[in-house]
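> Based on what follows, work out the 3D shape:
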Amino acid sequence: MISFLNGLMGVQTAESADLSRRSFLGVMGGLAATALVGCGSNETIAPDGGIHPQVDGGGGTDSGADAGTLTYRIETGYAQLPCQYPSDLDAYTGKILTVCTPGGSMPGDNNQISQFDPASAARPIPSSTLLDLEDVSGRSLNKLSQLSATLGVVTANDGLYEVRLTGAGLPRFITFPSGTTYATGALRVGNKLFVTTANLDVASSTYNPGTLQIYDLATDGSILETTRRSIPTSRKNPTGLALRNANTLVVLNSGDYSPMAASSLDLIDPATEAISNTIPLGTLTAQNTDKIALSPDGDTAVIGSADGTGRVLFVNLQTGAVTPQILSGTQFHSSIRIGDGRVFVTDFNTGLLTILDLATQAVLQSLNLMTDQAGPSELLGHDLIQAMPYGAVRVYAG
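I've put the predicted structure just below:
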């Protein structure tokens with residue numbers, strides 16, 4: 001995977017080259033981010049069949065005397081993962097699901113979805129394979145998102161897997177047309193599926209204009225392949241997706257790795273499938289490895305960076321105001337979560353977890369996760385489950 005990533009990251013600054021070479025996330029090193037799995041701690045299936053964030057943002061909103069006094073600690077040796085570098089980690093029906101893609105020498109390190117039970121008393125918590133997916137040459141998996149109570153979609157660099165989250169049955173692969181490559185985020189809204197595609201030409205290391213693929217869904221949530229259409233995004237390299245207040249789709253365009261990379265947020269009406277507003281984020285290579293973190297009220301997006309600057313942007317989605325914050329000791333933000341009135345920012349290169357106050361944007365605490373290559377994470381109540389190579393740690397309040 002690292003050799004693949006080197007080719008993927010051909011267009012970048014000298015400063016970001018080292019960051020990208022060390023990134024484990026395959027297509028995610030320049031491309032990935034997506035919606036939450038749902039039916040876990042972060043989303044619910046609404047009566048219209050769409051998947052919408054819970055109002056507590058997945059981690060709960062803390063209030064009262066202890067709101068500013070929670071101290072977080074690290075439990076190492078928390079869970080064992082079946083592959084070297086997981087590309088996604090999400091909650092679903094009381095389990096944690098991980099998406100794994102080839103990248104290490106561990107036996108059985110292949111394209112798969114695995115699972116573990118966070119309520120287990122065993123340490124480390126063991127994991128098991130839920131679904132084995134094809135190990136097609138050059139195919140890298142990205143993110144998992146839920147389509148219905150039993151169906152999910154896994155994005156890949158050349159198409160989409162439709163899978164049964166119960167582990168039963170064979171997955172269905174939907175191949176993209178020529179020129180459409182590197183699916184990143186995927187999100188169901190009502191009876192539609194929205195998928196970001198970065199359209200990277202690996203041979204020339206060129207990001208072609210980004211697009212948002214749109215599919216209609218059947219009543220059971222399955223993808224109607226022949227209904228595909230697409231719209232262009234305002235900047236290159238679209239990665240993250242999030243749903244704001246059930247009626248606005250937020251798309252993060254991370255920008256390429258050139259010295260003048262430009263990133264933005266597109267606000268899209270899911271009904272008309274048109275961009276209603278674009279918020280420029282300036283000259284920045286934005287985070288490209290994880291989901292967009294939204295505040296519980298849907299008014300604030302917190303966007304990390306992947307260009308070595310350590311910048312985190314607090315974006316007011318109502319006014320378009322962008323407030324930057326530089327997090328000392330960080331370089332490549334691999335995961336951002338919001339819960340407990342806090343923002344949890346993980347850095348891949350340094351393994352530093354920075355916890356900020358959502359309202360004041362002040363740094364409350366920094367924790368050394370004791371490794372670099374810190375990857376995707378998930379909030380379960382007060383606990384942050386943080387993926388690492390081969391395993392996960394638990395960051396808990398107490």
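
> Quick one: low-confidence residue ranges for the chain.
Within the chain, the ranges that satisfy pLDDT under 70 run 1-68, 102-109.

> Quick one: the helices in it, in order.
Remark: helices assigned in the chain by DSSP state H are 2-8, 14-22.

> tell me, what residue is most central in the protein?
Nearest to the mean C-alpha position of the chain, by C-alpha atoms, centre = their mean, lies Asp290 at 2.5 Å.

> Grab the nearest non-local neighbour of that one.
Ser335 (4.7 Å; C-beta to C-beta, 6 or more residues apart in numbering). C-betas here are computed from N, CA, C, even on glycine.

> Tell me who's in contact with that neighbour.
Shown in contact with Ser335 (C-beta atoms under 8 Å, 6 or more residues apart in numbering): Thr289, Asp290, Phe344, Val345, Thr346, Ala374, Gly375, Pro376, Ser377, Gln386.

> Also Pro209?
Asn199, Pro232, Thr233, Lys236.

> need the residues you listed in JSON lines with distance to Ala79, can you?
Formatted as JSON lines, these follow (distance: C-beta to C-beta, whole Å):
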{"residue": "Asn199", "distance to Ala79": "35"}
{"residue": "Pro232", "distance to Ala79": "40"}
{"residue": "Thr233", "distance to Ala79": "36"}
{"residue": "Lys236", "distance to Ala79": "36"}
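
> What's the PyMOL syntax to select whichever of these are buried?
To isolate the buried subset of the contacts of Pro209 in PyMOL, counting by 16 or more other C-beta atoms under 10 Å, use the following:
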select buried, resi 199+233+236
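
> count of neighbours near the nearest residue to Leu353 once chain neighbours are set aside?
Residue nearest to Leu353 in three dimensions, not counting chain neighbours: Leu367, with 4.4 Å by C-beta to C-beta, 6+ apart. Residues near Leu367, counting by other C-beta atoms under 10 Å, number 20.

> rewinding a little: please tell me I have it right and the residue nearest to the centre of the chain contacts Pro376.
Yes. With contacts counted by C-beta atoms under 8 Å, Asp290 reaches Pro376, the gap being 5.8 Å.

> what are the bridge partners for the residue lying closest to Phe176 once chain neighbours are set aside, then?
The shortest distance from Phe176 to any non-neighbouring residue, by C-beta to C-beta, 6+ apart, is to Gly159 (4.9 Å). Beta-bridge partners recorded for Gly159 (DSSP bridges): Thr175.

> what's the most distant pair in the contacts of Ser335?
Maximum pairwise distance among the contacts of Ser335 (C-beta to C-beta): 14.5 Å, between Thr289 and Phe344.

> quick revisit: hmm, which of the contacts of Ser335 are the buried ones?
The neighbour-count test (16+ other C-beta under 10 Å) marks Thr289, Asp290, Phe344, Val345, Thr346, Ala374, Gly375, Pro376, Ser377, Gln386 as buried among the contacts of Ser335.

> is it true that the fifth one touches Thr371?
This points to Thr346. No. Applying C-beta under 8 Å, one finds Thr346 not in contact with Thr371, separated by 11.2 Å.

> residue ranges of the strands in the stretch 201-350 of the chain, please?
For the stretch 201-350 of the chain, the strands defined by DSSP state E, counting those that start in this stretch occupy 206-207, 211-217, 223-232, 238-244, 248-253, 262-269, 274-283, 293-294, 300-303, 311-316, 322-326, 333-339, 342-347.

> any residues in contact with both of Asp290 and Pro376?
Ser334, Ser335.

> who's in contact with Asp216?
Asp216 sits in contact with Asn191, Lys192, Leu193, Leu224, Thr227, where contact means C-beta under 8 Å, 6+ apart.

> again, only using 7 Å
By C-beta atoms under 7 Å, 6 or more residues apart in numbering, the residues touching Asp216 are Asn191, Lys192, Leu224, Thr227.

> Which of the residues you listed are buried, as a PyMOL select command?
Provided next is the PyMOL selection string for whichever of those are buried by 16+ other C-beta under 10 Å:
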select buried, resi 191+192
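
> In TSV: the contacts of Asp216, plus distance to Gln146.
Listed next are the contacts of Asp216 as TSV, based on distance: C-beta to C-beta, whole Å:
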residue	distance to Gln146
Asn191	14
Lys192	14
Leu224	17
Thr227	19
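
> which one of the contacts of Asp216 is nearest Asn245?
Nearest member of the contacts of Asp216 to Asn245, counting by C-beta to C-beta, is Lys192, at 16.8 Å.
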